[in-house]
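> structure for the following, please:
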Amino acid sequence: MMKTTLRMLLFAIIIILSACTRRADWVQFRGEGGRGVSASNIAPPLGIRWKIELQPDGEKISALNPPVVIGDTIYFGSEDGNFYALDVESGYMRWVFKSGAEINSIPYVDDNQVYFGSKDGKLYALSRGNGEEIWSFPTYSQINSQVERYKDHIIFVGDSDAVYFLTPEGKEEFRVDNPGWINFTFLMADDVMYFATGPEVHLVGPYDINKREFLWFVPYEEIAANWYSFPAVQGDLVYFGTADIYGMSLGYYAFNRRTGALVWDQHREEYWEGWGDDGEAAWEYALRNMELLDFMAPTIWKNLVIFTGGDTAARAFDAKTGLLRWERTFDTPVASAPTIAGGRVYFGLMGDDETPPSLVCISARDGKFLWSMETDGSVLSAPVIAGKRIIFGTDKSVFYVLEQVF
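Numbers count the residues shown, from 1 in each chain. Below you'll find the predicted structure:
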């Protein structure tokens, strides 16, 4: 009887530890399901566990896309052309791999390998253990997308080239033409890619990877945007944001992902008005955002779809109807997409000559301000929240790991 009880207790402990381990991992872009939501229950106050400066030349960088975290290691690429594997506890460099150009791709990690693309036109597969190259796949363009292993496919996008589908051994299976999109990325859900690039420059739509056909196309003529965000899927709906940097408008959309019918849309016009007469600064802000793969990417929390980026506000819409549930405005532009953990929304603010840049935390329920921390540079992409840590990089090449202060 006692042996049985001990076995049951041991089994329960293993299950609990296994669940904790899973919660601490962040192995793909925008987290599980691409919704930008962490299973962590982290809460402020937060302190700096460690930080490092990747490029101490003082020049601002335009992108430092989110890392992935698995076990005790953080993996990410940088504009210095290096791909890093760092110890999450100390920042100790486990290994570094030098590619042939800047890295703006977001990696994917499986049990044995880490995959990422480079602006040198190659997709790399490295050993997780020591960073040695296992294979590489050359393309005809820069690779600035996320990389994902979906079932037995390695998927990524080449700028103005193709969406590639490889085997785990690095052999091409098939491709979908990409006639014009750059800094373009995707979400996989139920064997459908949201979105794939269409046969014409302006077309994107959901693509069934089994049937190898498009289900429908986003109506470009009606939206006419320069930027389509990384989407989020819940139930029968797919959500995404858009930006028109020439018409100075932001759009928020929900489509039926089965039929392509528009369910709701919302718009914000003249989103540059907060810049006053400083048109050059507004233009630089718009171009900066286009370098970020998660610019305007939504998060889904309960019955809300939450957007940040493009102007000075965070907004939550009713997921089914599109009605505005709350809006929180700030004195300076929003710097990053959001990540949600424990009912709290974390994202960056750019700051200005009078106000330093910062990481902020607001309530997902009502947008109430909860906490902020000044940062050395403006947060570039949505923070990654893994276990009790928040991880992000800034435009001053500073990489932060924060932890909950008990």
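> what number of residues lie near Arg328?
Arg328 is flanked by 19 other residues according to other Cβ atoms under 10 Å. All C-beta atoms are positioned from the backbone trio N, CA, C, and that covers glycine.
> how close does it get to Asp352?
For Arg328, the distance to Asp352 equals 18 Å [Cβ to Cβ, to the nearest Å].
> what do you get for Gln113?
As judged by Cβ to Cβ, Gln113 and Asp352 stand 43 Å apart.
> in the stretch 151-300 of the chain, where is pLDDT below threshold?
Residue ranges of the stretch 151-300 of the chain with pLDDT under 70: 247, 270-282.
> please repeat the previous calculation with a cut-off of 90.
180, 182-183, 198-203, 220-227, 243-249, 268-293 (pLDDT under 90).
> what segments of it are helices?
Ranges of helices in the stretch 151-300 of the chain, per DSSP state H, counting those that start in this stretch, are 220-223, 279-290.
> any idea which of those is most buried?
Of those, the one with the most neighbours on average (mean count of other Cβ atoms under 10 Å) is helix 279-290, at a mean of 15.
> buried residues in stretch 180-195, which are they?
Neighbour-count burial for stretch 180-195 flags 181-189, 192-195 (criterion: 16 or more other Cβ atoms under 10 Å).
> any idea how far the nearest residue to Val263 once chain neighbours are set aside lies from His267?
For Val263, ignoring the flanking residues on the chain, the nearest one in space by Cβ to Cβ, 6 or more residues apart in numbering is Ala254 at 4.4 Å. Separation of Ala254 from His267 (Cβ to Cβ): 13 Å.
> looking at these two, which has the bigger crowd around it?
Neighbours were counted for Ala254 and for His267 using other Cβ under 10 Å; Ala254 has more, 26 against 12.
> the helix or strand Leu402 falls within - contacts with which helices or strands?
For Leu402, the element it lies in under DSSP states H and E is strand 398-404. Packing partners of strand 398-404 (3 or more Cβ pairs under 8 Å, 6 or more residues apart in numbering; DSSP states H and E): strand 46-53, strand 389-393.
> so can I have CSV of the helices of the stretch 151-300 of the chain showing distance to Arg315?
Below are the helices of the stretch 151-300 of the chain laid out as CSV (distance: least, Cβ to Cβ, whole Å):
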stretch, distance to Arg315
helix 220-223, 18
helix 279-290, 16
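> distance from stretch 324-340 to the middle of the chain?
Stretch 324-340 sits 16 Å away from the centroid of its parent chain (Cα atoms, centre = their mean, to the nearest Å).
> swap that for stretch 155-166, sorry
Distance, centroid of stretch 155-166 to centroid of chain: 18 Å (Cα atoms, centre = their mean).
> begin at 41 from here
In the new numbering, first residue 41, that becomes stretch 195-206.
> who's in contact with that stretch?
Identification of contacts with stretch 195-206 by Cβ atoms under 8 Å, 6 or more residues apart in numbering yields 145, 155, 157, 161, 163, 177, 179-189, 193-194, 212-226, 228, 233, 236-237, 247, 249.
> so which of these belong to strands?
Secondary structure defined by DSSP state E assigns 155, 157, 163, 177, 188-189, 193-194, 212-217, 228, 233, 236-237, 247 of those to strands.
> buried subset of those as a ChimeraX selection?
This is how ChimeraX selects the buried members of the ones in strands among the contacts of stretch 195-206, with burial counted by 16+ other Cβ under 10 Å:
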select :155,157,163,177,188,189,193,194,216,228,233,236,237,247
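> distance to Ile92 added to the buried residues of stretch 220-235, as JSON lines?
Listed next are those as JSON lines, based on distance: Cβ to Cβ, whole Å:
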{"residue": "Trp221", "distance to Ile92": "33"}
{"residue": "Ile222", "distance to Ile92": "29"}
{"residue": "Asn223", "distance to Ile92": "26"}
{"residue": "Phe224", "distance to Ile92": "30"}
{"residue": "Thr225", "distance to Ile92": "26"}
{"residue": "Phe226", "distance to Ile92": "31"}
{"residue": "Leu227", "distance to Ile92": "31"}
{"residue": "Met228", "distance to Ile92": "32"}
{"residue": "Ala229", "distance to Ile92": "35"}
{"residue": "Val232", "distance to Ile92": "39"}
{"residue": "Met233", "distance to Ile92": "35"}
{"residue": "Tyr234", "distance to Ile92": "35"}
{"residue": "Phe235", "distance to Ile92": "35"}
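> which one of the residues you listed is nearest to Arg70?
For the buried residues of stretch 220-235, the minimum distance to Arg70 (Cβ to Cβ) is 7.7 Å, reached by Leu227.
> bridging residues for the closest one?
Tyr234 (DSSP bridges).
> hang on, it packs against Ser269?
No - counting by Cβ atoms under 8 Å, Leu227 does not reach Ser269; the two are 10.4 Å apart.
> still on that earlier bit, between the buried residues of stretch 220-235, which sits nearest Ile425?
Leu227 (18.8 Å).
> returning to what we had before: can you give the contact residues for the strand holding Leu442?
82-94, 104, 114, 116, 128, 131, 399, 413, 415-417, 428-434.
> using PyMOL, define a selection of the buried residues within the residues you listed.
If you want just the buried ones from the contacts of strand 438-444 in PyMOL, going by 16+ other Cβ under 10 Å, the selection is:
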select buried, resi 82+83+84+86+89+90+94+104+114+116+128+399+413+415+417+428+429+430+431+432+433+434
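> Gly198: neighbour count?
So Gly198, with other Cβ under 10 Å, has 23 neighbours.
> from Met330, how far out is it?
Distance from Gly198 to Met330, by Cβ to Cβ: 17 Å.
> next: Gly71.
Using Cβ to Cβ, we find Gly71 at a distance of 23 Å from Met330.
> what does Ala356 give?
Distance of Ala356 to Met330, given as Cβ to Cβ: 24 Å.
> ditto for Trp66
Separation of Trp66 from Met330 (Cβ to Cβ) stands at 24 Å.
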